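Asker: this one's structure only:
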């Protein structure tokens, strides 16, 4: 297992390297990431490679037992390439060039760029494939970050046409699949098809939009493959990863992760767009990333100071770096690099703080990291080879995420909101939950939650039927089965292919507007004191399905809102609305009890996280106090307090930010 | 009279047509709209016309007594035309191409397009001019919809220059009229003049802007005329209409409606931009549309299910389709087509629901429509030939609407807000009000309300004087007479040409900011408990004008806010502010009592609508309960309940959504 | 001293001039501004100059003792120039042309434009250099107004490259200074560098951005110099000015004002973007403008009616024009021209009202102006030669303003917010405060406040040390010393060069988010009832510095928030947060008492302004009641009431809008 930081050696005078390496050694580091954007330092002019500075830099670390992961610097092609190939710049949907000045300015479909990429990655691999201290490679940086997945340049247009030609073979097949008959939008040849640029009003055909999103995601994967091929053919023993971004939804991360040796993640709890800082969101990032390959993963960047760029986000308080670090390890990280070692004094991210402030003087954050380093070196032997796995899984599907981006149904609604509410339930029950691909093996899970499975093909539908028939329990919800794989609506009564599984039919439905709520009554209750939001289905039970809860307001009062159907040896639940938090908890408590999906041991505070890594019979528990209160925990008997190397007390006390780590 | 739906035959397999036609017959339909966007189905390649499918489709309906209105499919020119003439695409004010992918992508001033239009419309007319089941034509679709009235392409630039040359003859005349002396914006030739594209900041000369709006509106009319000419010359006996959009203000609908045989309207009560669903807004759309030709009109699209596209608006509840249908008929519709028969499973409007859901299975909405169909077939004999007409009229002027778009005075203020408040007064008094053109015949109205008549020419001013002199009553309000026809300010003391009519002078004025209110006192009242918003005029009474209400706050306290002046045999009121609802009701009650502008019979609930259609001595009353309460109505004695074919009770009870229809 | 109005003679028929001039004479005017946008009236076609109309116009005023300031009409180059040189149009960051139609449409770096400018300005100067009634020239109009400082055209690109070449000499020096190593943004030649156009996301390198802002500001100065050279070489005895915009921050006004004879200001109290109308903001504009050259200044435009364009702002109430006029005179204006004489009936600013309404009939505003004119003619003899000067100064630095625009730290935070809170303290203490350049002479001030002095070079740092050593008192605050002149962060512990001066070190800091507050306790207080916002520094006292106030919340509770350090014979205060108003007042009261920075005599109402103009021993006091209450003032004994020509009463009563002017 690895612990360290991202180091931009090229930002600092070489004289400083020694001091930094020494401080890292004292902090217990065994890994640094180098060269992420260092193209010009390696290849200042075409074909002239300079590695001596990097050799010296690596030696500085190697002599202190610190190994290296190298970034391929392709996220920011140098100006000398861009000036030669101005068509490499991305264009936005208006046709504006998205020019030089930051990063990610290259088009993934560029024809010229791969040649340069192969040369620099090839040269680096050649140089370091046998270097004993190089453990592996990070490809590029945060693919898709800051709205770079989609490009509307002419190269992309042609590549998209080619992609469509391969998929549809004939233009008539495309017209049929997309339904271009609507609004007379029929194409006569693939060469006529544009990227979905500015049109009269931004309401492009949803089938067209979905294909463009698939194409764009595929293009990123193809671009990554170029580099993987170069590295793997030369250095098959070195680990290849990429730093993904948790809930980021523009690239199908299952496909992107597939050829990688290990999935990678960047973790910034204090940069949670549009929500307050909270422990659920990073936990979801971890669980998702673990699901990309159903395996442990590496954290390539981990918050170590105030994040920001031209502005600042919240400064981590004393104890918070340690707390987030343990959340990361507990949920399956096998490597963790702080971003960044020292805060940059130049460039756009002057306010993206590292362990050291601009001054380079070790301060309170360094002390905290050093403390964590000492602890981790004690813990790593217990954690090596351990993994994380749960009885329940949420199936997170990128194509359905895109379906809801294209057609949010309720204004502003997001597919991930549907995922997050289930995930948070498990967090508050002090356990994780696996977040897996629709293509994952379902067997072995007691409970499978499939939020918003609108778009579904026959094969997946059959797999779900078989899973339930074999005794599994599924939870599905509104819009299940509404769509064909080409993003057309099904011409069937809802829930389409799941009518038999769920034992219901739905003819009528509508949205519950933002800020409004409908009433909900659980069967057997006298009063209807639960709330329903976002959507309502007017469900007709068919066959033997039971009503678990029903609507108690508006014209659909009395219609089922939640149903259960026995199918084969299993159970299939349907939720025809967004349940308020209390209703969802009540329902999932019921389902989890039936299925045994929750762990036995628990604690009593909603903001206390419990995560477990297991290897064979041994389990290592991480009990993390995310709250601002001191919390008392009654651990199971016989556990061993790993950091203090003692038996657990009957009651263990955790102050805010504190972590209790024990093995049983 | 007609009742039916919009049917996109080309979206569905031909095998389905029979079933749909049969269901329509059972629902009492006698009309369907076809071919609105079916260009490629008719002319897949240039000049090769295919009508056999359409013949078969029309036969399917004809054999069930259902007639046809054909849409000219010109709202969405096919890709094969666009690729040949890329200059046909509209451009926005930045110069961006508004490309293919939705509809309305053609420029109204295109030189190439009319040739194609004449060919397809000509071929369709030739084919169906003698078809016994074709009742008429809908030209194109919702001209101007989704921001398509204004185009900034080079063709438009040249057409605009030509339009200006015809209007001004010399560039000096234009410079003088626009006042280009300001900011040194003088032109030296017509060829220098651009469309009002991006400039340093978006504050183009208001005279220039107004001419561009006039030009753009004219261009749409000219484009429509091309099609009218083709159809009328071949099939003068078939009815020509266009589906207009009620309060839409970018095209002068009086001019657009002038050459049509009948005005058309699309009705979507659940899609009321930026306001809650309410009965006033659709009522206003109806009254305006009736005013476009001062005659009954056709509804080409009428909400039948949840509207939406990528999102969904509110789903109509049981009973609502029927309620809105009756509001439409009651206010003057002689034809009503639901949009759409069945919800599309493909394309951008998958969430714009029809009578049938995606599945095509008849459900609750079909049952409601079938019920309405049976009722309407009973009612039509009573309604044929009947019309709607009131004693009061609001003069709605497109040019003044544009004047306020260009110069809102108070940030965000709209001319139509000035119209709506008067219209709503009449709705709440359980009557309609005519909404008429400044060019309409004023005689015959007891009361004429002229909101915001800022821009006014001598001829209109004289007409108003003559109307009052002959005994009419007018209500005018702030900014009356402020502008010359070229959108310059008048160099006169306000209210300019109306000083004598109104008996006042205004030197000082200002806005009342959003969220603020000034106090108002009616003459004779001890306290000032009314509110004034948006604007204040500091009025100086001249001659014999009386003060009806005065301001009671700020530095203009004591100055008149509402005045009345006798002129000739009539009365002229002036309101120098936006009266709060209570003040407006008090004032209009007074005026209506004086003029006898309100009907005699009324009910007692603000959300109960009463509308009347008359033919000769016979009146058919529609009492519509838009509220969520059960309401008791005491109808006039001797009326006949038309749906239940009985005498009226002394008290009739209407549940929510209920409608009482009686004749006297 | 001058008093008058802006007159657009070319907007009105020549027959009207006499009447206007006569009304002005009656109002006591002695100056009008002419020809600001009259290019085409003077040069309708290239090289053909027409001055006879202007001669006649000037004669009309001259015969009534009214002199003239001429505007160079270069703010709006005529269409005949633009059509010849379309590259003269500005472009925005997307590359869009910002076309014709308003004004300021020329690029400051245009190569073609200066030729035309020299010709027209030369012709005007030649004509009027010896005209006895021409007192001077206003160059162009409000440089930079409506987002025109920055241009992204190709000419600007080349000019920017040239500017950079002159500054850096080698591209390596630029790469080093900007830190282009970050994100691999290194340049290989100056010719590669673009203006900061659209990039992948708008987070351009802050050093690059700062240089672009410096370059853009310099370009405006250079453009102004062209005209100054023409005028001064021909007419060195005529006064040259430019109408600047108070707090406008895009151009370094110290540099722009340097070559002018007198600084100029436009005053619109009713157009205070994004805040309610208040007396502090115009007061700040005055104090800043006085600081541009540390001298009295001219007001080229002064609100005289409702401002606005397509909308209207608040209409000035009776008495307000007089009140604002006296504020302007009191704070150092030696000339004051109302904008505008009569409200334009044509063009984009039809709602920017003047003294006369559109009708041209004298109304209440004219009467108020006439009253002021009579008073001023009485006062001018007392005011001639008098100046305004205070014991305290705020150092307002344009480069640091830009630093915070580029990196606001806390989202939405502005450098000027940091300036305004100090300025307002002095206003509420009934005195002005000088607002001066970092390059001004500091000696003579008892107290110097240096808000947000992040970017600082060695020379300025040394000057501050010397000022304190000599006995001065400085107040510095958060981010002091954080930046090098090239907008890199300093690689030192904060406050960088001021560590010794302030006696503190800062390692840790963060933002206090909008809407949040931290607690603050002054030393010696039992409770912490003050608030801190925006930012916190975790200060470590070093040496003998004392804590004045400390934080009392969050993890930094107990750390100093405000410190004082004795250095040499002076004092240096540091404020590591934004103090709430009460805390700031307490602190500044303490500091002002120590330094004697406040005046002796005062009044007792926060909205009563006291300003003083002095010449030798004589002081003229202006006591201005900005509140809506009647206020009693106890003036010092022995003063003389100048308007009523009497001794002051023991108590003088001021109604709202009233002004007491006395001399002592």
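Answerer: Here it is on my side, so go on. The model shown is predicted, which means the values in this text are computed figures rather than measured ones. Numbers count the residues shown, from 1 in each chain, chains lettered A, B, ... in the order given.
Asker: quick one: average pLDDT of the lengthiest strand in chain A?
Answerer: Ranked by residue count and defined by DSSP state E, the top strand of chain A is strand A:530-541. For strand A:530-541, mean pLDDT rounds to 97.
Asker: tell me who's in contact with the residue nearest the centre of chain A.
Answerer: Using CA atoms, centre = their mean, the residue of chain A that lies closest to the mean C-alpha position is residue A:246, 2.3 Å off. With contacts defined as CB atoms under 8 Å, 6 or more residues apart in numbering or on different chains, the neighbours of residue A:246 are A:265-267, A:282, A:284-286, A:288-289. Backbone N, C-alpha and C define where each C-beta goes, glycine included.
Asker: quick one: list the elements packing against the helix or strand encompassing residue A:370.
Answerer: For residue A:370, the element it lies in under DSSP states H and E is helix A:364-383. In this structure, helix A:364-383 makes packing contacts with strand A:2-6, helix A:320-330, strand A:618-625, judged by 3 or more CB pairs under 8 Å, 6 or more residues apart in numbering or on different chains; DSSP states H and E.
Asker: taking the stretch 101-250 of chain A, what residue is nearest to chain C?
Answerer: residue A:101 (3.8 Å; CB to the nearest CB).
Asker: how many other residues sit next to the residue nearest to that residue when sequence neighbours are not counted?
Answerer: In this structure, residue A:101 finds its nearest non-sequential neighbour in residue C:199, 3.8 Å apart by CB to CB, 6 or more residues apart in numbering or on different chains. Neighbourhood size, residue C:199 [other CB atoms under 10 Å in any protein chain shown]: 22.
Asker: next: residue A:441.
Answerer: Neighbours around residue A:441, by other CB under 10 Å: 11.
Asker: quick one: it and residue A:459, what's the gap?
Answerer: Distance of residue A:441 to residue A:459, given as CB to CB, to the nearest Å: 14 Å.
Asker: report pLDDT for residue A:347.
Answerer: Here, the pLDDT recorded for residue A:347 equals 97.
Asker: swap in residue A:398?
Answerer: pLDDT recorded at residue A:398 is 98.
Asker: quick one: the strands in the stretch 151-300 of chain A?
Answerer: A:239-241, A:243-244, A:263-267, A:297-303 (DSSP state E, counting those that start in this stretch).
Asker: the first one - contacts with which helices or strands?
Answerer: Taking 3+ CB pairs under 8 Å, 6+ apart as the contact definition, the neighbouring helices and strands of strand A:239-241 are strand A:134-138, helix A:206-234.
Asker: including mean pLDDT, mean neighbour count and distance to chain C, could these go into CSV?
Answerer: As requested, the helices and strands packed on strand A:239-241 are exported to CSV (pLDDT from 0 to 100; neighbours: other CB atoms under 10 Å in any protein chain shown; distance: least, CB to the nearest CB, whole Å):
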stretch, mean pLDDT, mean neighbour count, distance to chain C
strand A:134-138, 98, 23, 15
helix A:206-234, 98, 21, 15
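Asker: between these, which one is closest to residue A:338.
Answerer: Checking the helices and strands packed on strand A:239-241 against residue A:338 by CB to CB gives strand A:134-138 as the closest, at 14.6 Å.
Asker: coming back round to it: how about the contacts of residue A:246 in JSON lines, adding neighbour count and pLDDT?
Answerer: Output for the contacts of residue A:246, formatted as JSON lines (neighbours: other CB atoms under 10 Å in any protein chain shown; pLDDT from 0 to 100):
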{"residue": "A:265", "neighbour count": "28", "pLDDT": "98"}
{"residue": "A:266", "neighbour count": "23", "pLDDT": "98"}
{"residue": "A:267", "neighbour count": "26", "pLDDT": "98"}
{"residue": "A:282", "neighbour count": "24", "pLDDT": "97"}
{"residue": "A:284", "neighbour count": "24", "pLDDT": "97"}
{"residue": "A:285", "neighbour count": "25", "pLDDT": "98"}
{"residue": "A:286", "neighbour count": "26", "pLDDT": "98"}
{"residue": "A:288", "neighbour count": "26", "pLDDT": "98"}
{"residue": "A:289", "neighbour count": "29", "pLDDT": "98"}
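Asker: pick out the most distant pair among those residues.
Answerer: Farthest-apart pair in these is A:266 and A:284; separation 14.0 Å (CB to CB).
Asker: quick check: the residue of chain A nearest chain B.
Answerer: Counting by CB to the nearest CB, chain A gets nearest chain B through residue A:179, at 2.2 Å.
Asker: host element of the residue lying closest to that residue once chain neighbours are set aside?
Answerer: Once flanking residues are discounted, residue A:179 sits nearest to residue B:346: 2.2 Å by CB to CB, 6+ apart. Residue B:346 is part of no helix or strand when elements are defined by DSSP H and E.
Asker: can you pull the contacts of residue B:346?
Answerer: A:178-179, A:181-182, A:205, A:207, A:488-489, B:11.
Asker: so of these, which ones are in helices?
Answerer: A:178, A:207 (DSSP state H).
Asker: out of the contacts of residue B:346, the closest to residue B:395 would be?
Answerer: For those, the minimum distance to residue B:395 (CB to CB) is 40.4 Å, reached by residue A:182.
Asker: what is the neighbour count of that closest one?
Answerer: Counted with other CB under 10 Å, residues neighbouring residue A:182 total 24.
Asker: phi, psi of the nearest residue to it once chain neighbours are set aside?
Answerer: Leaving out its chain neighbours, the residue that sits closest to residue A:182 by CB to CB, 6+ apart is residue B:347, at 2.8 Å. Dihedral angles of residue B:347 (phi, psi; degrees, to the nearest 10) stand at phi 90, psi -180.
Asker: in the stretch 501-650 of chain A, what residue lies closest to chain C?
Answerer: Nearest to chain C in the stretch 501-650 of chain A, going by CB to the nearest CB, is residue A:628, at a distance of 11.1 Å.
Asker: next: the stretch 251-400 of chain A.
Answerer: Taking CB to the nearest CB, the stretch 251-400 of chain A has residue A:346 as its residue nearest chain C, at 2.2 Å.
Asker: highest average neighbour count across the helices and strands packed on helix A:364-383?
Answerer: strand A:2-6 (a mean of 25; mean count of other CB atoms under 10 Å in any protein chain shown).
Asker: helices or strands up against the following helix or strand past that one?
Answerer: Next along the chain after strand A:2-6, taking DSSP H and E as the criterion, comes helix A:14-26. Helices and strands touching helix A:14-26, as assessed by 3+ CB pairs under 8 Å, 6+ apart, comprise helix A:52-62.
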